[in-house]
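In: Fold the following, please.
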Amino acid sequence: MAKQGLSTIGITVTVDENELNYVTEIGDIGGSPSSLDATCLCDTMKKNVPGVQDTQAFEVTYLFDNSAVDSDYRVLKAVQTAGEVVDVAVELPDGTVFATTGYVTTYVVGAKVDELISAKLTVSLQSDWSVTNPATA
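Out: The predicted structure is shown next:
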């Protein structure tokens with residue numbers, strides 16, 4: 001039987017085979033299509049058909065740290081510097097995996113008093129999201 005909901009605990013984000021350690025937020029996976037007007041002179045109601053899927057860049061917020069070679073910021077900055085399209089995957093706690101490819105950019109987000117420093121990963125998507133369904137028992 002399907003579950004009534006799924007907790008965000010246990011979501012993993014992998015970029016170029018590197019699993020990020022301290023993700024705090026992920027953006028939308030997928031997007032809605034543009035709307036193409038298909039209304040004809042004989043129609044009494046406006047009609048639309050779906051066009052190209054409009055997906056924005058995929059964004060991930062994570063806690064900033066640059067103190068070690070395996071820190072998320074340092075790993076992502078190296079991927080950004082390489083300037084190549086890389087694999088990106090998001091795995092949900094039920095085993096569903098969403099995968100895509102894109103160019104990576106990362107930067108430190110502005111900070112305030114009494115707040116942890118965070119950074120943002122932006123993936124300029126180069127392919128549609130694929131979905132791998134969880135294995136069933």
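In: measure the residue sitting nearest the centre point of the chain to Glu115 for me?
Out: Geometric centre of the chain, nearest residue: Phe58, 3.8 Å, by CA atoms, centre = their mean. Distance, Phe58 to Glu115, using CB to CB, to the nearest Å: 24 Å. (C-beta placed from N, C-alpha, C; glycine too.)
In: what residues are up against the residue nearest to the centre of the chain?
Out: Applying CB atoms under 8 Å, 6 or more residues apart in numbering to Phe58 gives the contacts 26-29, 88, 100, 102, 122-123, 125.
In: Who does it form a beta bridge with?
Out: Beta bridges link Phe58 to Val123 when assigned by DSSP bridges.
In: Ser71 versus that one, what's the distance?
Out: Counting by CB to CB, the gap from Phe58 to Ser71 is 21 Å.
In: same deal with Gly30?
Out: As for Gly30, its distance to Ser71 is 29 Å (criterion: CB to CB).
In: try Lys46
Out: On the measure of CB to CB, Lys46 and Ser71 end up 52 Å apart.
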